[in-house]
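In: the amino acid sequence is not available; the structure is as follows:
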Ligand SMILES: CC(C)(COP(=O)(O)OP(=O)(O)OC[C@H]1O[C@@H](n2cnc3c(N)ncnc32)[C@H](O)[C@@H]1OP(=O)(O)O)[C@@H](O)C(=O)NCCC(=O)NCCS
């Protein structure tokens with residue numbers, strides 16, 4: 001497996017991964033697809049960057065991650081989307097993507113990564129995934145997404161200052 005920058009032509013595979021993940025609403029998928037674009041598109045803020053985990057032998061995209069530098073903050077990145085095709089899950093693909101991203105942002109003087117997610121049951125695997133990788137829940141906004149569906153904010157310090 002290799003991890004490389006998102007390329008033009010990856011969009012269909014990524015859209016399929018988001019659909020097959022079975023956790024995202026149509027609206028969320030549309031939002032993700034707006035952010036996962038070729039670099040250089042003039043109407044997309046340049047701070048969104050996506051990376052794909054690709055099977056070397058077949059070129060198949062196994063998963064992707066989309067990050068961006070948080071606006072109006074110093075040295076903070078947000079992880080917006082991470083997803084792995086169901087047949088490739090539980091094999092370390094998302095862990096490799098996250099490690100790649102943490103090393104990538106560290107080179108850009110990143111202090112902290114922030115991840116927002118939902119409290120609902122279908123996101124438990126992702127919450128377990130974030131916790132496993134040292135992300136700690138620092139805030140909870142009750143009833144944010146809908147009544148009974150809270151926003152959870154996880155953070156991880158990438159460097160001390
Ligand atoms: C969350 C997700 C990205 C993890 O991808 P993955 O490649 O399977 O993850 P990895 O194999 O690298 O890491 C696995 C770790 O994550 C956690 N995890 C992953 N799937 C899990 C599940 N179904 N139940 C409980 N924990 C789970 C565990 O801590 C696991 O470690 P273990 O295998 O040693 O128990 C994947 O399940 C996914 O794409 N989910 C749908 C999309 C999504 O919810 N994205 C997050 C919101 S943007």
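Out: That came through fine. Keep in mind the model is a prediction, meaning the values are calculated, not measured.
In: could you work out the end-to-end span of stretch 69-77 for me?
Out: 4 Å (CA to CA, to the nearest Å).
In: next: stretch 124-140.
Out: Separation of the first and last residues of stretch 124-140 by CA to CA is 15 Å.
In: packing partners of the helix ranked longest in the chain?
Out: Looking across the chain with DSSP state H, the single longest helix is helix 93-106. With contacts taken as 3 or more CB pairs under 8 Å, 6 or more residues apart in numbering; DSSP states H and E, helix 93-106 sits against strand 2-5, strand 48-54, strand 61-69, strand 76-84, strand 112-118, helix 124-132. Any C-beta I mention is one placed from the backbone N, CA and C, and that applies to glycine too.
In: is whatever helix or strand comes next after the last one anywhere near the ligand?
Out: Read that as helix 124-132. Downstream of helix 124-132, the next assigned helix or strand under DSSP states H and E is strand 136-146. No. Counting by CB under 6 Å from any ligand atom, the ligand has no neighbours in strand 136-146; the shortest distance is 12.6 Å.
In: nearest residue to residue 132 other than its sequence neighbours?
Out: Spatially, and ignoring its direct neighbours in sequence, residue 132 is nearest to residue 95 (8.0 Å; CB to CB, 6 or more residues apart in numbering).
In: burial of the one you found, as a residue count?
Out: 14 (other CB atoms under 10 Å).
In: that one contacts residue 133, correct?
Out: Yes. In this structure, residue 95 is within contact of residue 133 by CB atoms under 8 Å, at 6.9 Å.
In: show me which residues of this structure sit near the ligand.
Out: Checking the chain against the ligand by CB under 6 Å from any ligand atom, the hits are 21, 23, 81-84, 89-95, 117, 123, 125-126, 128-129, 132.
In: mind checking which of the residues you listed are buried?
Out: Among the residues of the chain next to the ligand, the ones that count as buried by 16 or more other CB atoms under 10 Å are 21, 81-84, 89, 93-94, 117, 123, 126, 129.
In: re earlier: what does the longest helix of the chain rub up against?
Out: Helix 93-106 is contacted by residues 1, 3, 51, 53, 62-65, 67, 77, 79, 82-84, 113, 129, 132-133, 156, 158-159 when judged by CB atoms under 8 Å, 6 or more residues apart in numbering.
In: just the buried ones from those, in PyMOL syntax?
Out: Selection of the buried residues among the contacts of helix 93-106 in PyMOL, burial being defined by 16+ other CB under 10 Å:
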select buried, resi 1+3+51+53+62+63+64+65+67+77+79+82+83+84+113+129+156+158
